[in-house]
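> Structure for the following, please:
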Amino acid sequence: MKKQHLLFLCLTVLTLAYSCKKNDDDTTTTNSGTNTSNEDNSGKVTGYLSSTYTKVDTTFPIAQPFSALEEATAIFYPSRKDTIAIAPDTVYVNGLALPIVTQGQSKYHYQTNSSEPLLNMGNNCYWQVIDTSYDKYIPDFSYNFSTPYPAILGSIPDTASKEKGLNLNIKIGGADSVSIQVYGDTSGSARAGQLLLGAFEKTFDPADNVYYYTPDEIKKCLTSNLIGVRVPVIINTYKTIIKEFEGRYFKFTKTYIYYGGIWIKK
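Numbering: from 1, shown residues only. Now for the predicted structure:
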């Protein structure tokens, strides 16, 4: 696998870990059953079950071995204070058992659709957790997080000017929160060949459907004529819900990630 491919996959895994806990203080619409409010119970969550769909547009300036990728991740902790993840005996998504991955002292369940069969979590996403090793921390449970992935409507502009700011001119549906990174900060360590360093990150309220960076916010952004390629833009959209099972709280997330690029002028 080429170096840039490894870089992309590492960034994807970091995004998954970031999405686990970033919205713990947000509110969300709940469904029927033993659902909870993120506002009330986000501080009690010890398990994170994530479905992620990543789309790589042809405008993204770093070549990738795929144009779309679907991933399932299940991460559990004994308590909110713990930093070492524990893995229950079995985690299923739509009947597919997720392999256990070891990273340092932590263990978690992970599967990508780069291996058959496909995960198909876009609508029905039926999670099943079965455990006898950590029954004090992880009860057996099942839940179908049937909400679709968030949707990005429209397309980002081909060209933008730092003098006028950056208006992405898109609409996002079905998301609780949106985070966008525009890469290429001349005050950081970004330079040609290291395009995914030095990010201008900004969070947005999806209800506003306004995704705009002011000239002042991107004034230090590298111009494309300087580096010879488009500036990477990554849009992260999240839909979450918290469920309670036997007094333990678990957060389910649907994430849609878009990788694209914009030609940035002065």
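
> Please enumerate the strands of the stretch 1-150 of the chain.
Assigned by DSSP state E, counting those that start in this stretch, the stretch 1-150 of the chain shows strands spanning 35-36, 45-56, 68-76, 90-93, 96-97, 100-103, 106-112, 126-130, 141-144.

> Out of those strands, which is closest to Ala199?
Between Ala199 and the strands of the stretch 1-150 of the chain, the shortest separation by CB to CB is 16.9 Å, and it involves strand 45-56. The C-beta positions use only the backbone N, C-alpha and C, and glycine is treated the same way.

> Can you give the strand pairings for that closest one, parallel or anti for each?
Strand 45-56 pairs in its sheet with strand 68-76 (antiparallel), strand 248-265 (parallel), by DSSP bridges.

> Let's have these in TSV, adding mean neighbour count, distance to Pro61 and mean pLDDT.
Listed next are the strands paired with strand 45-56 as TSV, based on neighbours: other CB atoms under 10 Å; distance: least, CB to CB, whole Å; pLDDT from 0 to 100:
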stretch	mean neighbour count	distance to Pro61	mean pLDDT
strand 68-76	21	18	95
strand 248-265	22	5	96
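
> Between these, which one is closest to Val101.
Closest among those, using CB to CB: strand 68-76, at 8.9 Å.

> What's the local residue count around Glu246?
10 (other CB atoms under 10 Å).

> one step back: need the strands paired with strand 45-56 in JSON lines (columns: distance to Pro157).
Output for those, formatted as JSON lines (distance: least, CB to CB, whole Å):
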{"stretch": "strand 68-76", "distance to Pro157": "22"}
{"stretch": "strand 248-265", "distance to Pro157": "6"}
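
> quick one: which of these is nearest Asp89?
strand 68-76 (11.5 Å).

> What would the closest one look like as PDB? C-alpha coordinates only.
This file holds the C-alpha atoms of strand 68-76, laid out as PDB (Å, rounded to 0.1, in the frame of the first residue of the first chain):
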ATOM      1  CA  ALA A  68     -16.200   5.100  -1.100                       C
ATOM      2  CA  LEU A  69     -15.700   3.200   2.100                       C
ATOM      3  CA  GLU A  70     -18.100   2.000   4.800                       C
ATOM      4  CA  GLU A  71     -16.800   1.200   8.300                       C
ATOM      5  CA  ALA A  72     -18.300  -0.200  11.600                       C
ATOM      6  CA  THR A  73     -16.600   0.400  14.900                       C
ATOM      7  CA  ALA A  74     -17.600  -0.600  18.500                       C
ATOM      8  CA  ILE A  75     -15.500   0.800  21.400                       C
ATOM      9  CA  PHE A  76     -16.300   0.200  25.000                       C
END
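
> check contacts around Lys265.
159-162, 223-225 (CB atoms under 8 Å, 6 or more residues apart in numbering).

> and what of Thr214?
Contacts of Thr214 (CB under 8 Å, 6+ apart): Gly165.

> Among the contacts of Lys265, name the ones in strands.
In this view, the contacts of Lys265 that belong to strands under DSSP state E are 159-161.

> my read: Pro150 touches Thr237, true?
Yes. Look at Pro150 against Thr237 with CB atoms under 8 Å: they come within range, at 3.8 Å.

> Now list whatever residues contact both of the two.
Joint contacts of Pro150 and Thr237 (CB under 8 Å, 6+ apart) are 172, 175, 206, 255-256.

> tell me the two of the residues you listed that are most distant?
Across those (CB to CB), the longest gap, 13.2 Å, separates Pro206 and Thr255.

> returning to that earlier point: by neighbour count, which of the ones in strands among the contacts of Lys265 wins?
Ala160 (24 neighbours).

> Among the shared contacts of Pro150 and Thr237, which one lies nearest to Leu119?
For the shared contacts of Pro150 and Thr237, the nearest to Leu119 is Thr255 (13.0 Å; CB to CB).

> how about the nearest residue to the closest one, chain neighbours excluded?
Spatially, and ignoring its direct neighbours in sequence, Thr255 is nearest to Thr52 (4.3 Å; CB to CB, 6 or more residues apart in numbering).

> burial measure for that neighbour, as a count.
Thr52 has 25 neighbours, counted by other CB under 10 Å.
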